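K.L.:
Sequence and predicted structure, then a few things I'm wondering about:
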Amino acid sequence: MKDISFSRFGTRLSAHCGIIELMDDLGEAMTSGDLAMMGGGNPAVIPEVATLWRKRLSELVESGGIDAVLGHYDPPKGNSRTTAALAALLRREYGWPVSAENIVVTAGGQTAFFLLFNLLAGVFDGGGHRRILLPLMPEYIGYANLGLCADFFRAMPPRITGHGERRFKYEIDFDRLEVASDVGAVCVSRPTNPTGNVLSDSEIEHLRRECGKRDIPLIIDNAYGAPFPGIVFEEIRPVWDEGIILTMSLSKLGLPGVRTAFLVAEPRIVRAMAALNAVTALSNNNLGQALVAPLLESGELLRICREVIRPFYEAKRRRALAWLEEGLGEAFPWRVHESEGAMFLWVEFPRLPASAAELYRELKREGVLVVPGHYFFYGLEEEHPHAERCVRLTFSQPDAEVQRGMALFGRTLRRLHGVSHR
Ligand code: PLP
């Protein structure tokens, strides 16, 4: 085949894009060992948590439960024991009025967003076109290429507040936010990838009201949030009602390999998502569901999140910030977004004498992988200045690697800013 041509679907989804570059780099860095990996969103291997997963696997093997895990197709909506256990946990913990009818399993959060976004936005019967509104840019790189038609997102620039010389924070600019009639759903990640921002309870409440007025769902991407993995350093109130679609994933619990996520939503959306699962994949991977089911039932999973996972990332964040400050020094301007959750530092260089892509290449040459800021800005009417002067650094990898990466990062940025000595 000399001239194979792809459909619009194929061309759109296989075109070069940030998420492909990111996942390729991640794979290369995880196997080569030479590059300091501060690029992807791979969770840390936390010894106590890794031991728990090994123990659960052994239990499944010893009890013979593994036979059903390997040998059965689960229903496309998900395993009924696991979805009932999750619903019971959400009722116990938060008092939400949910049952297993409100929960559907997907092959990871990324697949959930592909199906969900295209369920709620795109071309509609009668010729209408609806979009996904992202009210706070920058936003998760993985959404950017999920739309099956052009002009899929509408996005809003942030309101920026400075917090002293070295810190800043993005907030939703509600004065400019308009949930127009062509919006099919509003979506936010909370905590936010890439910035580590955590939208406040009042910002979420405000979004909920705006979505309620238009009778469209508010999607809250809870990949890093409570109850699991619970990588949130602020006191916030998790919320759900029938106007909200909450996505949760097992990935950041140290299980990205099992490709399992849950959506909590009203039953019509649950049924539609289960149908999409059946058509595209027959059923889900059931290993992750089998691993966590008894831990959801006993509540042990929440103890692990509160006592092990959250303190682990909080301590890593503290060390990463200290190494960042040490690496960059005082000789040129930089500031970092308030780190309120997740596993990233979002750093701005107001006088960066290079584009974000050039900075990425310089850093890769020096042996450190980051993700340049421009990938996290899409769907905006105008380019945003932060796209070219911010980068995202992941601090989940082993301390020695993060420390080495921060030193290389600092050295490269000092060189680019013309500061060679301190
Ligand atoms: N949403 C956010 C904000 C993420 O950071 C990620 C992964 O990094 C995902 C969704 C998708 O994760 P997964 O498909 O592993 O559940």
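P.N.:
Done, it's in. Bear in mind the structure is a predicted one, so any value in this text is a computation, not a measurement.

K.L.:
what does the average pLDDT come to for stretch 232-250?
P.N.:
For stretch 232-250, mean pLDDT is 96.

K.L.:
is it anywhere near the ligand?
P.N.:
Yes: using C-beta under 6 Å from any ligand atom, stretch 232-250 reaches the ligand at residue 249. In this view, the C-beta of every residue, glycine as well, is placed from N, C-alpha and C.

K.L.:
quick one: buried residues of that stretch?
P.N.:
The neighbour-count criterion (16 or more other C-beta atoms under 10 Å) identifies 232-233, 236, 238-240, 244-250 as the buried residues of stretch 232-250.

K.L.:
Would you reformat those residues as CSV and include secondary structure?
P.N.:
Formatted as CSV, the entries for the buried residues of stretch 232-250 read as follows, by DSSP: H, G, I helix; E, B strand; the rest coil:
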residue, secondary structure
232, strand
233, coil
236, coil
238, coil
239, coil
240, coil
244, strand
245, strand
246, strand
247, strand
248, strand
249, strand
250, coil
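
K.L.:
Near the ligand, which residues of the stretch 101-250 of the chain? Just list them.
P.N.:
Contact residues, the stretch 101-250 of the chain versus the ligand (C-beta under 6 Å from any ligand atom): 108-110, 140, 142, 189, 193, 221, 223, 249.

K.L.:
follow-up on the earlier one: go through the buried residues of stretch 232-250 and say which is closest to residue 41.
P.N.:
Within the buried residues of stretch 232-250, proximity to residue 41 (C-beta to C-beta) peaks at residue 249, which comes in at 10.6 Å.

K.L.:
okay but the closest one is in contact with residue 107, surely?
P.N.:
No: in this structure, residue 249 is not within contact of residue 107 by C-beta atoms under 8 Å, at 10.5 Å.

K.L.:
Count the neighbours of the closest residue in space to residue 229 that isn't next to it in sequence for me.
P.N.:
The shortest distance from residue 229 to any residue that is not its chain neighbour, by C-beta to C-beta, 6 or more residues apart in numbering, is 4.3 Å, and that residue is residue 252. Look at residue 252: counted by other C-beta atoms under 10 Å, it has 26 neighbours.

K.L.:
What of residue 326?
P.N.:
As a burial measure, the neighbour count of residue 326 was computed by other C-beta under 10 Å and equals 12.

K.L.:
and it, what is it in contact with?
P.N.:
If a contact means C-beta atoms under 8 Å, 6 or more residues apart in numbering, then residue 326 has 406-407, 410 as its contacts.

K.L.:
Neighbour-wise, give me the winner out of these.
P.N.:
Comparing the contacts of residue 326 by number of neighbours (other C-beta under 10 Å), residue 406 comes first, having 26 neighbours.

K.L.:
Quick one: low-confidence residue ranges for the stretch 301-422 of the chain.
P.N.:
Along the stretch 301-422 of the chain, segments meeting pLDDT under 70 span 420-422.

K.L.:
give me the number of residues near the residue of it found nearest the ligand?
P.N.:
When distances are taken as C-beta to the nearest ligand atom, the stretch 301-422 of the chain approaches the ligand most closely through residue 342, which lies 7.3 Å from it. Around residue 342 sit 31 other residues, with neighbours defined as other C-beta under 10 Å.

K.L.:
so what's it up against?
P.N.:
With C-beta under 8 Å, 6+ apart, residue 342 has these contacts: 191-193, 196, 224, 231.

K.L.:
export the buried residues of stretch 232-250 to CSV and tack on distance to residue 396?
P.N.:
Output for the buried residues of stretch 232-250, formatted as CSV (distance: C-beta to C-beta, whole Å):
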residue, distance to residue 396
232, 15
233, 14
236, 21
238, 22
239, 27
240, 27
244, 28
245, 26
246, 23
247, 20
248, 18
249, 15
250, 16
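
K.L.:
and the two most separated of those?
P.N.:
Spatial extent of the buried residues of stretch 232-250 (C-beta to C-beta) is set by the pair 233 and 245 at 24.7 Å.

K.L.:
Nearest spatial neighbour of residue 138, chain-adjacent residues omitted?
P.N.:
The shortest distance from residue 138 to any non-neighbouring residue, by C-beta to C-beta, 6+ apart, is to residue 376 (3.5 Å).

K.L.:
So what's the residue count around that neighbour?
P.N.:
Under the neighbour criterion other C-beta under 10 Å, residue 376 is assigned a count of 27.

K.L.:
how about it, what does it touch?
P.N.:
137-141, 194, 387, 390, 392.

K.L.:
Also residue 71?
P.N.:
So residue 71 contacts nothing (C-beta under 8 Å, 6+ apart).

K.L.:
Do me a favour and get the backbone dihedrals for it.
P.N.:
Backbone torsions for residue 71, taken as degrees, to the nearest 10, come to phi -100, psi -10.

K.L.:
switch to numbering from 667
P.N.:
That works, and once the first residue is 667, the last one we named lands at residue 737.
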